[in-house]
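Peer 1: my questions concern the predicted model and sequence given below.
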Protein chains: 2
Amino acid sequence: MSVLSTQSASDSARTATTASGNTPGTAGVDLGPAAALSCRECGERYPLSPIFACASCFGPLEIAYDLPAGDPEALRRRIEAGPASVWRYAPLLPVPADVAAKPNLNPGWTPLVRADRLAAELGVTGGLFVKDDSGNPTHSFKDRVVACAVEAARAFGFTTLSCSSTGNLAGAVGAAAARAGLRSCVFIPHDLEQGKVVMASVYGGDVVGIEGTYDDVNRFCSELIGDPAGEGWGFVNVNLRPYYAEGSKTLAYEICEQLGWELPDQLVVPIASGSQLTKIDKGLKELIALGLVPEKPYRIFGAQAEGCSPVSQAFRAGHDVVRPVRPDTIAKSLAIGNPADGPYVLDIARRTGGAVEDVTDPEIVDAIHLLARTEGVFAETAGGVTVGVTRKLIASGALDPAKTTVVLNTGDGLKTLDAVAPTAGPSAIIRPNLDSFREAGLAS
Amino acid sequence: MSVLSTQSASDSARTATTASGNTPGTAGVDLGPAAALSCRECGERYPLSPIFACASCFGPLEIAYDLPAGDPEALRRRIEAGPASVWRYAPLLPVPADVAAKPNLNPGWTPLVRADRLAAELGVTGGLFVKDDSGNPTHSFKDRVVACAVEAARAFGFTTLSCSSTGNLAGAVGAAAARAGLRSCVFIPHDLEQGKVVMASVYGGDVVGIEGTYDDVNRFCSELIGDPAGEGWGFVNVNLRPYYAEGSKTLAYEICEQLGWELPDQLVVPIASGSQLTKIDKGLKELIALGLVPEKPYRIFGAQAEGCSPVSQAFRAGHDVVRPVRPDTIAKSLAIGNPADGPYVLDIARRTGGAVEDVTDPEIVDAIHLLARTEGVFAETAGGVTVGVTRKLIASGALDPAKTTVVLNTGDGLKTLDAVAPTAGPSAIIRPNLDSFREAGLAS
């Protein structure tokens, strides 16, 4: 189990490092408590380096840690005295201890909104909270993962930061590279919305449009990693993926700390590749293992758009594997038809007593409006997915309205204006006089 | 001097309250340390109520306080132990002590970015910082002022929150009203950009487009306040303006606290109505008077767009009054042709040894790109104005590059995409293969 592997990483990691510690560019790497890479499938260990797949079984690699032992109260105090950013959790992340002193975007520590008005509409009585990640520097949760990837890029001596992206990630990488003084070159489908292209481009890095789909972009990036044309490049979501993905654990840490160092009973998390959901689970288990929160059962629910719902389809069908689909939904930031971590998501939803559910595009739009008018939070489509799925799960009885529930909003409505533009407009157009205003029927 | 009036507010305020304490809806008003309204021109005092102009001389009213006396160290500790929002400064604002417990957007405590890469490009050696208010809940500094206005609206029993706006304020009011459970009805020019209309509308309040200019919208709102059609309505920037405007003081408080309880030597602040600049000055003086920062000289510089530069024109001409202009600039959030606080801005710039300067639209666009590529901060046009003016002030010698300088970015680039769209696009469009990529000349 990952808590155990987390705790016992230390010794075997040191062995692995000793055995093959001469990997180019990885000598003397200081990534704080990160001790080694470990295969999620077969457990094979590797020294910290820019690799992402197990050489034995091709399973995904993740970070194994030397986590701080000792008094949980002292660790809690250390965290609470830290900066108002993800770096308060530096002792639990693959980053050097002095990370906060380096130029970076300092994402995280976003609001956990107590959503009493939304709760009233949904019939939740046990406490409903929205973790609102639109407050991050480039207004999506991607700033968290990119911040960790930047530290890995620095540690491994990469001078160019790169990624494949449908929008949010391209902006996050461009901004983070600018702050860090790194070059960036990001790859996007050539026909993205202009707004996303402008935002990705404004930070001064190179933005390359690829004639093809997001899948074509991904395949091209994998090719580039093995070619001299991409030498010295850190692809945050490919060769730096094990480090990058750990950034999502901070969502779990923040939620629990903001609840007063308590686990929530239920979480509703969006699914794109599924990485975020698996890392939230990992983060919660670490907090329990470290004694930072009292142990109790928690349930994790995954949320997809019906137009890209391979994981919820597999969940309903009782399958362990996920059959790829061709995405067709307004929730473009979740539109990954072949989610790499889909099987792990199924496992976590089943193990914790959660579920995976999906909602239609009109339900997504409704949910964006519902969240905005009850709580003043303007979510991107992915936030409409989680709020819409929460409503659906309550109706079906899968989610218990009497328990503490946290719903994630991972991005900003300003980035997906088109989704709500047809249903959000002026109540009236009037002439600048009182008679005209009274005729509009809006007077006190 | 406003520090003195701040300190001596207590006694005269109580007298004023006793003398005319029966104003409808103002009995038992608890707005924390706010003791009275005081005319900035003649000093006449009024009990706390939803009025904004002096009945004697028509001068603007502002808040006079009973500020906490005693040990500055204790107050500093109390602030530092407070929430990561403007409410850490509740003891210095016109809000009840329990403000943080009420549903509100909790704005503020935004990053003060140490901008070493921008400093290197501008030749600043004394320390350059960007106060980045794009991190606020609706991504502009307006959330600060609206949060204070909401408390005043609650105190005075208003059930509808309103404003005249060109965009940022409409969104901030809509979101704040939604969170607080108040109705909202905001007024905007009918021909605003669709994005701003969508954002203002999504929170579920009424959005009324007025066939006319922003000046027509303003005039209509003033008419509505005196009419039964607007009864029970709190217009945040009209009848609640004295309370609303105080929210801008938090920019000064945060900057100094984030500098380690030190005053910066120089600040560059955008000018729309001029209110923000005057309140930043007021906030700095309060910190000195309370002993929270060591006293030293500071200089405040005002920044305008050339296409709407009535204050910088008056500054250059040596005038004490500001001659209205007809705005024509891409910096629409600063496009107030007849700025109410213009004369006070002139006074502050001259008294502190600062200046007021302006930049052209192309210089604004250049500066947005400069800030984005050096620091990863994507500013709205108003941020381009302050960065561009900073560059110009250094070139002219008005701003000393050897001194600590703080530049404000008050909004988010996502809201003014059109400004940079012509100059931000992909570096290349390629086919998904390595040959095509190499031809583009971007390879490692």
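Peer 2: All right, it came through fine.
Peer 1: ok, and the helix or strand in chain A with the lowest average confidence?
Peer 2: helix A:2-19 (a mean of 34; mean pLDDT, DSSP states H and E).
Peer 1: so which helix or strand takes in the residue nearest to A:R88 when sequence neighbours are not counted?
Peer 2: In this structure, A:R88 finds its nearest non-sequential neighbour in A:G82, 3.2 Å apart by CB to CB, 6 or more residues apart in numbering or on different chains. C-beta: built from backbone N, CA, C; applies to glycine. Under the criterion DSSP states H and E, no helix or strand holds A:G82.
Peer 1: just the pLDDT at A:G82, thanks.
Peer 2: Per-residue pLDDT puts A:G82 at 94.
Peer 1: try the one 10 residues further on
Peer 2: Model confidence at A:L92, given as pLDDT, is 97.
Peer 1: what's the burial count for it?
Peer 2: 25 (other CB atoms under 10 Å in any protein chain shown).
Peer 1: report the contact partners of it.
Peer 2: Contact analysis of A:L92 by CB atoms under 8 Å, 6 or more residues apart in numbering or on different chains lists A:P33, A:Y65, A:L67, A:P68, A:K249, A:Y253, A:G283, A:E286, A:L290.
Peer 1: what parts of the stretch 51-200 of chain A come near chain B?
Peer 2: A:84, A:103, A:105-106, A:109, A:111, A:114, A:116-117, A:135, A:137-139, A:160, A:174-179, A:181, A:185, A:188, A:190, A:194-195, A:197-199 (CB under 8 Å from any CB of the partner chain).
Peer 1: any of these buried? List them.
Peer 2: The neighbour-count criterion (16 or more other CB atoms under 10 Å in any protein chain shown) marks A:103, A:105-106, A:109, A:111, A:114, A:116-117, A:135, A:137-139, A:160, A:174-179, A:185, A:188, A:190, A:195, A:197-199 among those as buried.
Peer 1: in helices, which of the residues you listed fall?
Peer 2: Judged by DSSP state H, the subset of these located in helices is A:D116, A:R117, A:G174, A:A175, A:A176, A:A177, A:A178, A:R179, A:G195, A:V197, A:V198, A:M199.
Peer 1: the second one contacts B:P103, doesn't it?
Peer 2: Meaning A:R117. Yes: using CB atoms under 8 Å, A:R117 is in contact with B:P103, at 7.3 Å.
Peer 1: report the central residue of chain A.
Peer 2: For chain A, the residue nearest the mean C-alpha position is A:Q276 (4.3 Å; CA atoms, centre = their mean).
Peer 1: for that one, which non-adjacent residue is closest in space?
Peer 2: A:S248 (4.5 Å).
Peer 1: alpha carbons of the helix or strand hosting A:V385, as PDB, please.
Peer 2: A:V385 belongs to helix A:381-396 when assigned by DSSP H and E. Output of helix A:381-396 as PDB, limited to C-alpha atoms (Å, rounded to 0.1, in the frame of the first residue of the first chain):
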ATOM      1  CA  THR A 381     -16.400  23.800 -17.100                       C
ATOM      2  CA  ALA A 382     -14.400  21.300 -14.900                       C
ATOM      3  CA  GLY A 383     -16.000  23.000 -11.900                       C
ATOM      4  CA  GLY A 384     -19.400  22.600 -13.400                       C
ATOM      5  CA  VAL A 385     -18.600  18.900 -13.800                       C
ATOM      6  CA  THR A 386     -17.800  18.400 -10.100                       C
ATOM      7  CA  VAL A 387     -20.800  20.400  -8.800                       C
ATOM      8  CA  GLY A 388     -23.100  18.700 -11.300                       C
ATOM      9  CA  VAL A 389     -21.900  15.300 -10.400                       C
ATOM     10  CA  THR A 390     -22.300  16.100  -6.700                       C
ATOM     11  CA  ARG A 391     -25.900  17.000  -7.300                       C
ATOM     12  CA  LYS A 392     -26.400  13.800  -9.200                       C
ATOM     13  CA  LEU A 393     -24.700  11.600  -6.600                       C
ATOM     14  CA  ILE A 394     -26.900  13.100  -3.900                       C
ATOM     15  CA  ALA A 395     -30.000  12.400  -5.900                       C
ATOM     16  CA  SER A 396     -28.900   8.800  -6.400                       C
END
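Peer 1: ok, that helix near chain B or not?
Peer 2: No: Helix A:381-396 does not reach chain B (CB under 8 Å from any CB); its nearest approach is 11.2 Å.
Peer 1: mind listing what's buried along that helix?
Peer 2: For helix A:381-396, the neighbour count (16+ other CB under 10 Å) marks A:381-394 as buried.
Peer 1: for those residues, give me JSON lines that also has pLDDT and distance to B:G127.
Peer 2: As requested, those are exported to JSON lines (pLDDT from 0 to 100; distance: CB to CB, whole Å):
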{"residue": "A:T381", "pLDDT": "96", "distance to B:G127": "41"}
{"residue": "A:A382", "pLDDT": "96", "distance to B:G127": "39"}
{"residue": "A:G383", "pLDDT": "98", "distance to B:G127": "38"}
{"residue": "A:G384", "pLDDT": "98", "distance to B:G127": "43"}
{"residue": "A:V385", "pLDDT": "98", "distance to B:G127": "44"}
{"residue": "A:T386", "pLDDT": "98", "distance to B:G127": "42"}
{"residue": "A:V387", "pLDDT": "98", "distance to B:G127": "43"}
{"residue": "A:G388", "pLDDT": "98", "distance to B:G127": "47"}
{"residue": "A:V389", "pLDDT": "98", "distance to B:G127": "47"}
{"residue": "A:T390", "pLDDT": "98", "distance to B:G127": "46"}
{"residue": "A:R391", "pLDDT": "98", "distance to B:G127": "50"}
{"residue": "A:K392", "pLDDT": "98", "distance to B:G127": "52"}
{"residue": "A:L393", "pLDDT": "98", "distance to B:G127": "51"}
{"residue": "A:I394", "pLDDT": "98", "distance to B:G127": "52"}
